[in-house]
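Trainee: This is the structure alone, sequence omitted:
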């Protein structure tokens with residue numbers, strides 16, 4: 001509703017600039033007694049251009065039923081048009097596009113519409129020009145409303161070039177030659193429009209084209225359906241280099257890359273059943289996506305859902321397929337769910353990607369390949385579980401895992417516990433209240449403020465593993481860590497000191513210690529002088545994988561008493577040492593060590 005109000009306001013703003021003494025001129029193709037200045041139906045012009053020639057800025061031209069397909073006029077861009085509007089006026093049909101049409105021809109565009117003008121209620125068909133076969137607008141400061149643009153042809157913008165369109169349909173427009181772009185629209189702004197069965201190129205053997213539906217355009221609440229980019233190297237079946245919000249991109253086709261959208265920015269969009277059978281990125285190739293759903297897209301090479309440096313935030317990728325990387329290939333995904341994607345080769349869910357706080361479930365590879373969940377990826381704070389592969393390594397293969405949950409996970413911060421989803425077979429991969437993934441991630445990997453559901457990304461002080469944050473954790477400590485030592489997850493253990501070391505269970509967790517073993521503590525072991533290089537070697541009891549900082553002081557009476565001499569020291573198993581090369585003077589030196597969290 002908000003969008004429609006904006007559209008009405010835009011039309012009102014255009015109309016309110018018309019002069020108070022504006023005249024109304026009439027057009028009726030069947031009138032037998034036209035008489036300038038055509039100010040009533042009895043004297044109506046038979047050609048739209050005749051009425052335009054006597055009209056001034058701010059006037060209104062009303063056109064009744066009929067097909068207006070004779071007469072030509074040269075526009076300021078040098079092209080031949082059926083109708084040329086050079087004043088900021090309103091050109092409207094009486095009964096809408098089903099009853100009133102402007103028909104072009106070979107080398108004859110339908111309409112040229114100048115800045116500040118308004119066009120409403122026409123079918124623009126069979127026009128042809130270098131740019132904008134149906135209509136050409138010098139900028140987006142032109143409003144076109146409730147029109148059909150069909151069967152038009154151009155080099156750029158088969159249906160339209162530039163302009164702002166509301167509630168319009170772009171159907172079967174084309175840019176058929178090598179290098180052409182924007183089968184439906186080029187450089188336009190579109191609200192609540194349908195772009196269907198438009199295309200660029202002609203056959204696979206022709207040269208590269210791009211943007212079968214739209215190119216270099218901005219689209220709000222639009223549907224792009226069945227648009228095609230044809231030709232060797234053709235990209236962006238439904239959209240190319242566009243900005244799209246609340247749009248649906250369905251059944252797009254590209255002979256090369258990106259059946260859905262190529263190098264575009266998409267927010268709250270749905271991409272469904274788009275195809276790139278000879279290339280990559282069935283849904284998208286490149287670009288940035290926010291809160292989008294990618295379903296049943298396919299690619300012949302890599303990235304059934306998304307490929308090649310695409311960046312996806314809070315997206316769902318389901319039932320996408322490709323030869324490699326059924327869900328994604330070589331992309332960055334944050335807070336995303338990859339569910340039930342598949343590939344013929346490696347990486348059923350993900351292939352050569354970077355995934356942060358993602359959940360990969362029920363993805364698969366076929367034949368004898370590896371990495372049903374992910375192959376050769378870096379995964380942080382993620383869950384990779386219940387995936388399958390034709391070969392070995394069902395969940396991950398050749399991947400780097402940091403604070404992840406997966407059956408084959410190893411190393412500090414990773415867990416192998418079952419994630420305890422709400423209903424994983426149905427695709428509900430939210431965490432149950434006792435999931436070991438709660439509070440088990442690492443905050444330094446977090447790059448967004450919300451999770452896949454739009455809830456705060458960190459609840460309880462420490463981020464969860466996976467795409468969904470559990471909103472009301474009872475404890476501030478990693479549930480997997482508490483469960484490892486048989487401690488309760490209801491919060492009662494957080495401030496307890498079970499081993500009587502003076503450190504709470506929460507502090508033991510931060511330091512990577514065993515809360516039930518009094519010998520597992522953080523303490524200094526020794527400070528020894530060295531000559532190679534000169535200084536003091538400070539050694540403390542440590543845990544592998546924990547990051548420490550070291551502070552020193554030569555005067556405990558000063559304020560602050562300690563200053564940090566080294567941070568981000570990676571802990572070693574049993575003990576860690578650091579040489580303070582500044583400690584060479586005959587003085588007293590004091591040290592303390594802490595844990596970075």
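Mentor: That came in fine, so what should we check first? In this text, all values refer to a predicted model and were calculated from it rather than measured experimentally. Residues are numbered from 1 along each chain as shown.

Trainee: Could you identify the helix or strand that succeeds whichever strand or helix holds residue 384?
Mentor: Residue 384 is part of strand 383-385 when elements are defined by DSSP states H and E. Helices and strands here follow DSSP H and E; after strand 383-385, the next one along the chain is strand 396-397.

Trainee: partners of that following strand, with directions?
Mentor: strand 374-375 (parallel) (DSSP bridges).

Trainee: pLDDT (mean, whole number) over the helix or strand that comes right after the partner strand?
Mentor: Toward the C-terminus, strand 374-375 is succeeded by strand 378-380 as the next helix or strand (DSSP H and E). The average of the pLDDT scores along strand 378-380 is 98.

Trainee: could you say what helices and strands strand 378-380 packs with?
Mentor: Applying 3 or more Cβ pairs under 8 Å, 6 or more residues apart in numbering; DSSP states H and E, we find strand 378-380 packed against strand 354-356, strand 400-402. Just so you know, the C-beta spots here come from the backbone N, C-alpha and C atoms, and that holds for glycine as well.

Trainee: Show me the one of those that comes nearest residue 177.
Mentor: Nearest to residue 177, of all these, is strand 354-356, at 38.9 Å by Cβ to Cβ.

Trainee: hang on, the earlier thing: neighbouring contacts of the strand holding residue 384?
Mentor: For strand 383-385, contacts defined as Cβ atoms under 8 Å, 6 or more residues apart in numbering pick out 349, 358-361, 373-374, 395-396, 401, 404-407, 418-419, 424, 429, 437, 465-467.

Trainee: and among the helices and strands packed on strand 378-380, the most buried is which?
Mentor: Counting by mean count of other Cβ atoms under 10 Å, strand 354-356 has the highest mean neighbour count of the helices and strands packed on strand 378-380, with a mean of 24.

Trainee: ok, the helix or strand just after it: who's next to it in the sheet?
Mentor: The helix or strand immediately downstream of strand 354-356 is strand 359-361, counting by DSSP H and E. Strand 359-361 has the following strand partners under DSSP bridges: strand 337-339 (parallel), strand 383-385 (parallel).

Trainee: State the mean pLDDT of the last one.
Mentor: Along strand 383-385, the predicted confidence averages to a pLDDT of 98.

Trainee: how far is that strand from where the chain is centred?
Mentor: In terms of Cα atoms, centre = their mean, to the nearest Å, the centre of strand 383-385 is found 22 Å from the chain centre.

Trainee: With the first one instead?
Mentor: Taking the mean of its C-alpha atoms, strand 337-339 sits 15 Å from the chain's own mean (Cα atoms, centre = their mean).

Trainee: Identify all contacting residues around that strand.
Mentor: Residues outside strand 337-339 that contact it (Cβ under 8 Å, 6+ apart): 305, 315-318, 327-328, 349-350, 358-363, 373, 427, 429, 452, 467.

Trainee: What about those residues, which are in strands?
Mentor: Judged by DSSP state E, those include 316-318, 328, 350, 359-361, 429 as members of strands.

Trainee: Residue 274: which of those is nearest?
Mentor: Checking those against residue 274 by Cβ to Cβ gives residue 317 as the nearest, at 12.6 Å.

Trainee: Show the buried residues in the contacts of strand 337-339.
Mentor: Neighbour counting by 16 or more other Cβ atoms under 10 Å classes 305, 315-318, 327-328, 349-350, 358-363, 373, 429, 452, 467 among the contacts of strand 337-339 as buried.

Trainee: Can you report how many residues neighbour residue 96?
Mentor: Residues lying near residue 96 (other Cβ atoms under 10 Å) number 16.

Trainee: and what of residue 588?
Mentor: Using other Cβ under 10 Å, residue 588 has 9 neighbouring residues.

Trainee: Hmm, residue 536 and it touching each other?
Mentor: No. Taking contacts as Cβ atoms under 8 Å, residue 588 lies outside contact range of residue 536: 11.3 Å.

Trainee: What's the first helix or strand after the helix or strand of the chain at the bottom of the mean pLDDT ranking?
Mentor: Lowest on mean pLDDT, DSSP states H and E among the helices and strands of the chain sits helix 2-15, with a mean of 38. Of the helices and strands lying after helix 2-15 in sequence (DSSP H and E), the nearest is strand 24-27.

Trainee: So for that following strand, what gets flagged as buried?
Mentor: Residues 25-27 are the ones in strand 24-27 that count as buried (16+ other Cβ under 10 Å).

Trainee: Flag every buried residue along the following helix or strand past it.
Mentor: Per DSSP H and E, the first helix or strand lying C-terminal to strand 24-27 is helix 48-54. Using 16+ other Cβ under 10 Å as the test for burial, helix 48-54 gives 48-53.

Trainee: Also stretch 176-187?
Mentor: By neighbour count on 16+ other Cβ under 10 Å, the buried set for stretch 176-187 is 176-177, 180-187.

Trainee: State the mean pLDDT of the helix or strand where residue 190 lies.
Mentor: Assessed by DSSP H and E, residue 190 sits inside strand 189-191. Averaged across strand 189-191, the pLDDT comes to 98.

Trainee: contacts for it?
Mentor: Contacts with strand 189-191, where a contact means Cβ under 8 Å, 6+ apart, come from 3, 6-7, 140, 163-168, 214, 217-222.

Trainee: Please produce a ChimeraX select command covering the buried subset of those.
Mentor: Per 16+ other Cβ under 10 Å, the buried members of the contacts of strand 189-191 correspond to this ChimeraX selection:
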select :7,140,163,164,165,166,167,168,214,217,218,219,220,221,222
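
Trainee: Residue 593 versus the residue lying closest to residue 555 once chain neighbours are set aside, what's the distance?
Mentor: The shortest distance from residue 555 to any non-neighbouring residue, by Cβ to Cβ, 6 or more residues apart in numbering, is to residue 561 (7.5 Å). Applying Cβ to Cβ, to the nearest Å, the value for residue 561 to residue 593 is 15 Å.

Trainee: More neighbours: which of the two?
Mentor: Each of residue 561 and residue 593 has its neighbours counted (other Cβ under 10 Å); residue 593 has more, 20 against 14.

Trainee: you'd agree that one is up against residue 524?
Mentor: Yes. Using Cβ under 8 Å, residue 593 is in contact with residue 524, at 6.7 Å.

Trainee: Between these two, which contacts overlap?
Mentor: By Cβ under 8 Å, 6+ apart, residue 593 and residue 524 have these common neighbours: 538, 540.

Trainee: quick one: the strands in the stretch 451-597 of the chain?
Mentor: Assigned by DSSP state E, counting those that start in this stretch, the strands in the stretch 451-597 of the chain fall at 524-531, 534-542, 547-553, 563-570, 574-580, 590-595.

Trainee: Now render these as CSV, adding distance to residue 60 and mean pLDDT.
Mentor: Shown next, in CSV, are the strands of the stretch 451-597 of the chain (distance: least, Cβ to Cβ, whole Å; pLDDT from 0 to 100):
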stretch, distance to residue 60, mean pLDDT
strand 524-531, 87, 95
strand 534-542, 82, 96
strand 547-553, 72, 96
strand 563-570, 71, 96
strand 574-580, 82, 97
strand 590-595, 75, 96
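
Trainee: Looking at the ones you listed, spot the one closest to residue 496.
Mentor: Going by Cβ to Cβ, the one of those nearest residue 496 is strand 590-595, 19.0 Å.

Trainee: Which strands border the closest one, and is each parallel or antiparallel?
Mentor: Note on strand 590-595: by DSSP bridges, its sheet partners are strand 547-553 (antiparallel).

Trainee: follow-up on the earlier one: same list (the buried residues of strand 24-27) but as TSV, adding distance to residue 457 and pLDDT.
Mentor: As requested, the buried residues of strand 24-27 are arranged in TSV below (distance: Cβ to Cβ, whole Å; pLDDT from 0 to 100):
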residue	distance to residue 457	pLDDT
25	60	98
26	61	98
27	59	98
